[in-house]
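Undergrad: could you work out the structure for the sequence below:
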Amino acid sequence: MSDRQLFPRITSSPDICHGKPCIRGLRYPVEFVLELLSSGMTNEETLADYEDL
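TA: Sure thing, here's the model as predicted:
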């Protein structure tokens, strides 16, 4: 199974966020979302603050 199949919502392009993996169609780096969650925000809080996720 390729990475594309495992992570269809994560994309990477050198033209977007300096090539960092991002949430597909958005300019939120995956590391940003993980930092929010690791800081103690719940999924619900994260989605309330970033509704387009």
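
Undergrad: how far is the biggest helix by length in the chain from where the chain is centred?
TA: Longest helix of the chain, by residue count under DSSP state H: helix 30-38. Relative to the centre of its chain, helix 30-38 is centred 8 Å away, using C-alpha atoms, centre = their mean, to the nearest Å.

Undergrad: now do stretch 31-50
TA: Put simply, stretch 31-50 sits 10 Å off its chain's centre (C-alpha atoms, centre = their mean).

Undergrad: how about that stretch: buried residues?
TA: Across stretch 31-50, burial judged by 16 or more other C-beta atoms under 10 Å covers 33, 36, 41. (Glycine included, C-beta is placed from N, CA and C.)

Undergrad: so the second one sits right up against residue 47, yeah?
TA: This points to residue 36. No - assessed by C-beta atoms under 8 Å, residue 36 is found out of contact with residue 47, at 10.3 Å.

Undergrad: helix or strand right after the helix or strand of the chain with the lowest mean pLDDT?
TA: Least confident helix or strand of the chain, by mean pLDDT, DSSP states H and E, is helix 3-6 with a mean of 58. Next along the chain after helix 3-6, taking DSSP states H and E as the criterion, comes strand 10-11.

Undergrad: report all helices and strands that the longest helix of the chain contacts.
TA: Helices and strands touching helix 30-38, as assessed by 3 or more C-beta pairs under 8 Å, 6 or more residues apart in numbering; DSSP states H and E, comprise strand 22-23, helix 43-49.
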